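[1] how would this look folded up:
(chains A, B and C)
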Amino acid sequence: MDGMIQGGWEWVAAAWGISLTVFATYAVLLHLRIRHERRREENR
Amino acid sequence: MSAPQRRIAPEHWFGVAGLILLAVGSYLGLVEAPPERYMGEVGRILYIHVPTAWIGLLALTAAGVFAGLYLVQRRPRWDDLLTGCVEVGVILTAMLLIQGSIWARPTWGVFWTWDPRLTTAAILLLSFIGVLALRAFVEDPQRRARWTAVATLVAVLDIPIVYFSVKWWRTLHQDFSSPETVAGAMHWPLRINAFALLALAIWLILRRARLSRQRRSARATAPPATSTLVAGD
Amino acid sequence: MTLGVQTRAILGKDLRVTWRGRARSAAVFAFAGTVLLLFSFAVGPDSKTLAQHAPGYFWIALLLGSVLTLSDAFRVETEDDALDAMRVLPVDPRALFLGKAAASAITLAALAAALTPVAGLLYGVGVQGSWLQLLVFIVLGAAGLAAPGTLYAAMTAKARGREVMLPLLLFPLVIPVLLAAVKGTALALAGDPMGQVPSWLGVLVAFDLVYWAVCPLLLGAVIES
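    Numbering: from 1, shown residues only, chains lettered A, B, ... in the order given. Modelled structure (predicted):
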């Protein structure tokens, strides 16, 4: 294992964390927009 | 008003499947798989990076297909799905660039390299942000759908040309991103995460399409006086 | 009327309109020349660096100028609702596209040709390779900007926020054209001992073929009312 980069879990965590956060944010925003639209539909 | 029993929307099953697969794939990639021979632990970024690239490209290609279908058949359904594909494709491409920068820092010591794939992704991101911006500028729903389809088709056709031109312009990358070039223990997390992201992408695309459909029906039933208030898609 | 006849009629009309508005074309030329001048201020008075990157600056100036030329070509149609009149006539949208795009390509190539000596004098570069090669890259590059540019201009001529929309859509798309044209121009200026010209020519030809084949079919969907 010569020349192997040591450590680096922080980069892995950052890559995973940011990706999942972006995905989750989009999913939540979509959910809120859909619910908002549905509410408006029901109130009419 | 008694709230009717609301059934679980069918697209959520894709979300459930995607989350389960992502949990399994991430466990295999982060815990079970050995550190990469040269990259060490940092090599694990590939287990999310490579599937993101695959599914992002797939989403944008699917957008091109829906654009073609819309222009031929003019069914609003294709426009709904097209919008979902472009939005999800843009999000995946943005994620891809962030992961690429995080990968590049410990590997090459910089956050950005003019590697053909990364550069192509950046150009694609800008192209499709342009498509979404165009969409936001047009009020008339039919014109918006036609223009989005045309702009999407034009941008999708550019993908291979951009890739090859950037590749010739500058070639510097390690060939990591197909399962054949990585060791046996790396296959499974890569594949499972690819299917996980595929399911999640389908889930979000269908959610986005549902939103467009709701807004269209709101436009159709709204009285003319208030119809301008529900413009947008 | 056949496609060819209609295309020639629209091409002739657009070139006449451009000629009559030549004060405007002169202004675009002056603008592109100003951009060339600005690059020398941005880089500083290092004549070696300027000469080395001259092809890049030249094409960026042309790209910025092309946005003005391309949007003009469709603005004249929308201003008096001439486009609606043309829709009433049995004009094939493909002919409309081919005529307008060809007129824009010719205008852009002329702009590039006029800009070449300015760039050569300003940056102190001369043609040591091949003039013919330079001409080929200018013509193919102008054609590559004109095809998607005409299609996008047809949309953005009427849209809100058109000033930002046309470059926002066009610039990322034409990056392959920019890369190939800059490299090809550099090789035409300095000579091509490594034989790299064919691959860049290939990129430009591929881009031109794809967009000149597809965009005419798409214009109908853009201008439909």
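[2] Same question for the helix or strand that contains residue B:162: list its buried residues.
    Per DSSP states H and E: residue B:162 is located in helix B:141-169. By neighbour count with 16 or more other Cβ atoms under 10 Å in any protein chain shown, helix B:141-169 contains the buried residues B:141, B:143-159, B:161-166, B:168-169. From N, CA and C alone the C-beta is placed, and that goes for glycine too.
[3] Please identify the buried residues of the host helix or strand of residue B:192?
    Assigned by DSSP H and E, residue B:192 belongs to helix B:184-221. For helix B:184-221, the neighbour count (16+ other Cβ under 10 Å) marks B:186, B:188-190, B:192-216, B:218 as buried.
[4] Low-confidence bits of the chain, can you list those?
    Picked chain A for this. Along chain A, segments meeting pLDDT under 70 span A:1-7.
[5] think we crossed wires, I meant chain B
    Residues of chain B that meet the cut-off, pLDDT under 70, sit at B:1-6, B:171-185, B:222-233.
[6] at 80 instead, please
    B:1-7, B:35-40, B:169-186, B:221-233 (pLDDT under 80).
[7] contacting residues for the residue nearest in space to the middle of it?
    Nearest to the geometric centre of chain B sits residue B:89, at 2.4 Å (Cα atoms, centre = their mean). Neighbour list for residue B:89: B:56, B:59-60, B:63, B:128 [criterion: Cβ atoms under 8 Å, 6 or more residues apart in numbering or on different chains].
[8] Residue C:130 now?
    Applying Cβ under 8 Å, 6+ apart, the residues near residue C:130 are C:188, C:191.
[9] Distance of it relative to residue C:194?
    Residue C:130 is 15 Å from residue C:194, where distance means Cβ to Cβ, to the nearest Å.
[10] and the helix holding residue B:162, what does it pack onto?
    Counting contacts by 3 or more Cβ pairs under 8 Å, 6 or more residues apart in numbering or on different chains; DSSP states H and E, helix B:141-169 is packed against helix B:46-73, helix B:76-108, helix B:116-137, helix C:131-156, helix C:162-173, helix C:175-190, helix C:197-223.
[11] rerun that using 10 Å as the cut-off
    Using 3 or more Cβ pairs under 10 Å, 6 or more residues apart in numbering or on different chains; DSSP states H and E as the contact test, the elements touching helix B:141-169 are helix B:46-73, helix B:76-108, helix B:116-137, helix B:184-221, helix C:131-156, helix C:162-173, helix C:175-190, helix C:197-223.
[12] what about the helix or strand of chain C with the lowest mean pLDDT and chain B, touching?
    Ranked by mean pLDDT, DSSP states H and E, the weakest helix or strand in chain C is helix C:82-88, scoring a mean of 73. No: Helix C:82-88 lies out of reach of chain B by Cβ under 10 Å from any Cβ of the partner chain, never closer than 13.5 Å.
[13] what's in contact with that helix?
    Residues from elsewhere that reach helix C:82-88 (Cβ atoms under 10 Å, 6 or more residues apart in numbering or on different chains): C:10, C:13, C:74, C:76-78, C:81, C:91, C:93, C:96, C:154, C:157-158, C:220, C:223-225.
[14] following that helix, which helix or strand comes up?
    According to DSSP H and E, the helix or strand after helix C:82-88 is helix C:93-123.
[15] and the longest helix for chain C?
    The longest helix of chain C (DSSP state H) is helix C:47-79.
[16] related to what we said a few turns ago, which of the contacts of residue B:89 has the most neighbours?
    Among those, residue B:63 has the most neighbours (other Cβ atoms under 10 Å in any protein chain shown), with 29 neighbours.
[17] surely it meets residue B:80?
    No: look at residue B:63 against residue B:80 with Cβ atoms under 10 Å: they stay out of range, at 11.9 Å.
[18] shared neighbours of the two, which are they?
    residue B:205.
[19] Please work out the residue of chain A nearest to chain C and name it.
    residue A:22 (21.1 Å; Cβ to the nearest Cβ).
[20] which residues touch the residue nearest to that residue when sequence neighbours are not counted?
    Closest residue in space to residue A:22, ignoring its immediate chain neighbours: residue B:95 at 5.4 Å, by Cβ to Cβ, 6 or more residues apart in numbering or on different chains. For residue B:95, the contacting residues are A:15, A:18-23, A:26, B:48-49, B:52-53, B:55-56, B:121, B:197, by Cβ under 10 Å, 6+ apart.
[21] and the closest residue to chain B within chain A, what is it in contact with?
    Chain A approaches chain B most closely through residue A:8 (3.8 Å), counting by Cβ to the nearest Cβ. Contacts for residue A:8 were tallied using Cβ under 10 Å, 6+ apart; they are B:35, B:39-45, B:105-107.
[22] what's the closest non-adjacent residue to it?
    Using Cβ to Cβ, 6+ apart, the closest residue to residue A:8 is residue B:42 (3.8 Å).
[23] ok, now residue A:30?
    Here the residue nearest residue A:30, using Cβ to Cβ, 6+ apart, is residue B:207, at 4.7 Å.
[24] which residues touch that neighbour?
    So residue B:207 contacts A:26-27, A:30-31, A:33-34, B:9, B:11-12, B:14-15, B:84, B:88 (Cβ under 10 Å, 6+ apart).
[25] same thing with residue C:163?
    C:67, C:71, C:156.
[26] gap between it and chain B?
    Relative to chain B, residue C:163 is positioned 11 Å away (Cβ to the nearest Cβ, to the nearest Å).
[27] Low-confidence regions, chain C specifically.
    C:1, C:45-46, C:76-90, C:158-162, C:192-195, C:225.
[28] For chain A, what is the nearest residue in it?
    Chain A sits closest to residue C:172 of chain C, with a gap of 21.1 Å, by Cβ to the nearest Cβ.
[29] Now do the helix holding residue B:162 and helix C:131-156, the angle between them.
    160 degrees (axes from the mean of the first three to the mean of the last three Cα atoms, to 10 degrees).
[30] picking that back up, would you point out the most distant pair within the contacts of residue A:8?
    The largest separation in those, counting by Cβ to Cβ, is between B:35 and B:105 at 17.7 Å.
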